[in-house]
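In: Next input, structure requested:
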Amino acid sequence: MPLVLQNIIRFIVLVIAQVLILNNIQFLGYINPFLYIYFILALPVQIPRWAILFLAFALGLIIDIFSNTAGLHALATVFVAFLRAPAINILVSIDENPALQPSVKTFGWMTFLRYAGFLVLIHNVVIFIVEAFSFVNFGIIALKILLSSVVTLLLVIAIQMFKKK
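Out: As a prediction, this is how the structure comes out:
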């Protein structure tokens with residue numbers, strides 16, 4: 001399957017899964033899985049930065065429209081897309097393979113977990129800090145960030161394990 005078609009399908013499936021299933025999961029009011037961020041994580045490295053930023057904005061805006069969150073997800077996804085290239089440059093030597101597509105297979109388990117974990121954590125920090133717009137209940141916000149990040153990362157790992165077979 002061509003890479004462009006594969007990414008279009010991934011975009012559509014992740015948006016549908018987020019909007020119809022994951023947005024309705026709020027376990028004990030603390031866990032909100034944001035699996036749609038996997039689209040940004042899995043984009044090939046050679047895609048120009050402006051294109052990744054545009055795709056991140058479009059993805060976040062679509063999630064915002066269906067979630068009625070007024071730009072919150074667009075802000076978080078664009079911020080993650082902005083930090084994606086530096087994160088990859090720090091963790092992986094791109095000179096070896098410029099057509100690299102981030103995954104467990106190409107990065108290895110530990111590198112992919114650091115890469116995905118860092119970006120998922122940043123995404124959730126932006127979402128929950130901007131949503132609360134206050135540090136009054138910082139303990140609750142930190143718990144939401146941590147638990148949602150862990151669940152989202154577990155879902156990303158599950159996709160990687162399924163994809164590997």
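In: C-alpha from now on. contacts and neighbour counts both.
Out: Noted.
In: Enumerate every residue touching residue 71.
Out: 60-61, 64 (C-alpha atoms under 8 Å, 6 or more residues apart in numbering).
In: 10 Å - rerun?
Out: Applying C-alpha atoms under 10 Å, 6 or more residues apart in numbering, we find residue 71 in contact with 57, 60-65.
In: what comes into contact with stretch 10-22?
Out: Counting by C-alpha under 10 Å, 6+ apart, 4-5, 7, 9, 23-25, 32-40, 42-43, 55, 59-60, 62-67 sit against stretch 10-22.
In: List the buried residues for that stretch?
Out: 10-11, 14-15, 18-19, 22 (16 or more other C-alpha atoms under 10 Å).
In: In a markdown table, list the residues you listed along with distance to residue 119 and secondary structure.
Out: Converted to a markdown table, the buried residues of stretch 10-22 look like this (distance: C-alpha to C-alpha, whole Å; DSSP: H, G, I helix; E, B strand; the rest coil):
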| residue | distance to residue 119 | secondary structure |
| --- | --- | --- |
| 10 | 18 | helix |
| 11 | 18 | helix |
| 14 | 17 | helix |
| 15 | 18 | helix |
| 18 | 18 | helix |
| 19 | 21 | helix |
| 22 | 19 | helix |
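In: Between the residues you listed, which sits nearest residue 49?
Out: residue 11 (17.5 Å; C-alpha to C-alpha).
In: Could you check how far that closest one is from residue 73?
Out: 15 Å (C-alpha to C-alpha, to the nearest Å).
In: Among the contacts of residue 71, which lie within helices?
Out: Those of the contacts of residue 71 mapping onto helices are 57, 60-65, per DSSP state H.
In: Please type out the PyMOL selection for whichever of those residues turn out to be buried.
Out: The buried subset of the ones in helices among the contacts of residue 71, as determined by 16+ other C-alpha under 10 Å, is captured in PyMOL by this line:
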select buried, resi 57+60+61+62+63+64
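In: circling back to that earlier point, please identify which of the contacts of residue 71 is nearest to residue 113.
Out: Closest to residue 113, out of all of these and judged by C-alpha to C-alpha, is residue 60, at 22.7 Å.
In: what about the residue lying closest to the closest one once chain neighbours are set aside, neighbour count?
Out: For residue 60, ignoring the flanking residues on the chain, the nearest one in space by C-alpha to C-alpha, 6 or more residues apart in numbering is residue 74 at 3.7 Å. Residues within reach of residue 74, counting by other C-alpha atoms under 10 Å, total 23.
In: so residue 74, which of the three states?
Out: helix (DSSP: H, G, I helix; E, B strand; the rest coil).
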